[in-house]
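>>> here is a sequence together with a model predicted from it:
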Amino acid sequence: MKILGIIPARYGSTRFPGKPLADIKGKPMIQCVYEQAHQCKALTEVVVATDDKKIESAVKKFGGKVVMTSDKHESGTDRCYEALVNFGGKFNAVINIQGDEPFIHPEQISKVANCFYLTPSPLFRGREVGGEVQIATLVMKLNSIHELTNHNTIKAVINKKKEAIYFSRTAIPYYRGEDFTEWLKLHTYYKHVGIYGYRSDILAEITKLERSPLEIAESLEQLRWLENGYKIVVEFTDIESHSIDTPEDLKKIDSRQ
């Protein structure tokens, strides 16, 4: 089993231009992500996929692997597919590692990567399940009312086979007849952790799909895949992720260190 870890990194972020090169304890953010990903033993290779020469130069400077991609991509998924093709080699699966999570834990990456290994599972009555997994991701239990009502916290609805049924910016299910402050006591809600794994042939397929009505409504690309009949397997984590979306987020991280 060969699994490629890809870290998409573009320079032109609207809210934080040049974000991958932001300094974190003397290192560019992209180096912090790369070093965390490189600790994951489930990955065969790790590579940064970028559209910017400054990021390419920074990655080469710290000894990382990097591949140039188009500046026309609308999503990290599209960039991952071009990187897979341009990087060469035959990989069974790809893990899309967010380039703005400098403290991502290698265990989180491993949980997603391990979904693609052939292992017996009682959930599937003893069948070998790894080769059947198309897409995988992470979720964690949601514990705060603030996150439950925050539209920037993406909620995941899961079936008994550990497959995602739906993702939403709104809390689902709506607990009828109960005050929302009580919902967390009545139901287990999950939030989505933004790391994806794709079987390589599935990655090629989903990058050819047109935007779907549900995706447009919620502005969540994973709904395009569900709406087209693809299955997303989920694993659970209890490790909190901290993404850097704005310069203010970086200041908050610095103040904790």
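Alright, I've got the coordinates.
>>> quick one: the strands in the stretch 1-150 of the chain, in order.
Assigned by DSSP state E, counting those that start in this stretch, the stretch 1-150 of the chain shows strands spanning 3-9, 23-24, 27-28, 45-50, 66-68, 93-96, 135-141.
>>> compare those strands and say which comes out lowest on pLDDT.
Among the strands of the stretch 1-150 of the chain, strand 23-24 carries the lowest mean pLDDT, at a mean of 90.
>>> who does it touch, helix- and strand-wise?
Counting contacts by 3 or more Cβ pairs under 8 Å, 6 or more residues apart in numbering; DSSP states H and E, strand 23-24 packs against helix 247-256. For the C-beta atoms, the positions are set from N, CA and C on the backbone; glycine is no exception.
>>> go again with 10 Å.
Packed against strand 23-24, as judged by 3 or more Cβ pairs under 10 Å, 6 or more residues apart in numbering; DSSP states H and E, are the following elements: helix 29-38, helix 247-256.
>>> what's the first one packed up against?
Judged by 3+ Cβ pairs under 10 Å, 6+ apart, helix 29-38 is in contact with strand 3-9, strand 23-24, strand 27-28, strand 45-50, helix 53-61, helix 106-113.
>>> again, only using 8 Å
Contact here means 3+ Cβ pairs under 8 Å, 6+ apart; on that basis helix 29-38 packs against strand 3-9, strand 45-50, helix 53-61, helix 106-113.
>>> that one: how far from the chain's middle?
Centroid separation between helix 29-38 and its chain, computed with Cα atoms, centre = their mean, to the nearest Å, is 15 Å.
>>> all further residue positions should be reported with the first residue as 372.
That works, and once the first residue is 372, the last one we named lands at helix 400-409.
>>> and the longest helix for this protein?
Counting residues, the longest helix in the chain under DSSP state H turns out to be helix 447-458.
>>> and the gap between Lys556 and Glu518?
According to Cβ to Cβ, to the nearest Å, Lys556 stands 15 Å off from Glu518.
>>> comparing these two, which residue is more hemmed in?
Ranked by neighbour count (other Cβ atoms under 10 Å), Lys556 and Glu518 place Glu518 first, with 16 against 8.
>>> excluding its backbone neighbours, what's nearest the more buried one?
The shortest distance from Glu518 to any non-neighbouring residue, by Cβ to Cβ, 6 or more residues apart in numbering, is to Thr524 (4.4 Å).
>>> just the pLDDT for that neighbour.
93.
>>> could you do the one 4 residues further on as well?
Val528 is assigned a predicted lDDT (pLDDT) of 98.
>>> who's in contact with it?
Taking Cβ atoms under 8 Å, 6 or more residues apart in numbering, we find Val528 in contact with 535-539, 543-544, 561.
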